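*Asks:* sequence and computational prediction follow.
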Amino acid sequence: MTFSTVVVLGMHRSGTSCLTGSLEEAGLALGNVDRKRHTNPKGNRESLSIMDLNNAVLAANGAAWDRPPEGVCHWSADQLDWRDRLIAEYSDHALWGFKDPRTLLVLEGWLQGLPAPKLVGTFRHPLAVAQSLRDRNGFEIEKGVELWTIYNQRLFQAMESHQVPLLCFDWSAECYNAVLRRLAVRLGLTPPETPLSFFETHLRRNSSQPDAALPAAAQDIYRHLLQRSRDLMADLGVDPELSGG
């Protein structure tokens, strides 16, 4: 049986759980994932096995999710075998997917082993992410913005060499769901006739003004990501006025 994989890419606290859970509602197989935790009532939709592998690769390269590597991570032969065994567990699904924000830091190793990967990205305003990391991890806002910049540089690099439709977690619920439903169909999924329920604005606790002061590097990346998300809306025929900003 031939099968392909949807890989959800995005920084921590940027809507990756919402995107992945919504795609699951449309039929994407996720396997055994976290479906409830104190930082996310609906669960982060992450596979502990995949997270453990990503953490192991980062640690072997002297890095961690909050200490990103400077370059491309090396995968050992044992880690490549671990990856292949995880992928094989989903071989009875024509289309399966996974998400873990750490994947952005170790993406090259995954792409070398995944059959027919389909990449989907999500982002959020840097200060909204930094505020969320402050609340969850006690990070200073400056550290949160720095991490946002590193992760989203990786995301933008992936978009330069691969087709990566990009959603913005700051969109209105109407816009987000309109884009997501059309994108799900393009990915080969079948959204339910009832409204997608995973996206709820009251769970999106942090927000930030788009004109808030940011370092130049973060401003530049954010501007480019916004344009790419608008390009997706146009490609899918969604009215940009629905975005709410």
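*Replies:* That came through fine. Residues are numbered from 1 along each chain as shown.

*Asks:* what's the host helix or strand of Leu147 packed up against?
*Replies:* Element membership for Leu147 (DSSP states H and E) is helix 141-161. For helix 141-161, the elements it packs on are strand 117-123, helix 126-137, helix 216-236, judged by 3 or more CB pairs under 8 Å, 6 or more residues apart in numbering; DSSP states H and E. Heads up, the C-betas are built off the backbone N, CA and C, glycines and all.

*Asks:* got the buried residues for the helix or strand following it?
*Replies:* Downstream of helix 141-161, the first helix or strand assigned by DSSP H and E is strand 166-168. For strand 166-168, a neighbour-count test (16 or more other CB atoms under 10 Å) marks Leu166, Leu167, Cys168 as buried.

*Asks:* quick one: the first one from Thr190, how far?
*Replies:* Pointing back at Leu166 there. Using CB to CB, to the nearest Å, Leu166 is found at 22 Å from Thr190.

*Asks:* over to Cys73?
*Replies:* In terms of CB to CB, Cys73 sits 35 Å off from Thr190.

*Asks:* what mean pLDDT does stretch 145-152 get?
*Replies:* For stretch 145-152, mean pLDDT is 98.

*Asks:* centre of the chain to it, how far?
*Replies:* Here the centre of stretch 145-152 is set off from its chain's centre by 13 Å, with CA atoms, centre = their mean, to the nearest Å.

*Asks:* other residues contacting it?
*Replies:* By CB atoms under 8 Å, 6 or more residues apart in numbering, the residues outside stretch 145-152 that reach it are 10-12, 66, 68, 101, 104-105, 123, 126-127, 129-130, 133, 139, 214-215, 217-218, 221-222, 225.

*Asks:* before we move on, the earlier item: quick one: which of Cys73 and Thr190 has more around it?
*Replies:* Neighbour count, other CB atoms under 10 Å: between Cys73 and Thr190, Cys73 has more, with 19 against 9.

*Asks:* test my guess that that one contacts Thr103.
*Replies:* No - Cys73 is beyond contact range of Thr103, at 10.9 Å (criterion: CB atoms under 8 Å).

*Asks:* where do the contact lists of those two overlap?
*Replies:* Counting by CB under 8 Å, 6+ apart, Cys73 and Thr103 have no contacts in common.

*Asks:* tell me the one of the buried residues of strand 166-168 nearest Glu89?
*Replies:* Nearest to Glu89 among the buried residues of strand 166-168: Leu167, at 27.3 Å, using CB to CB.
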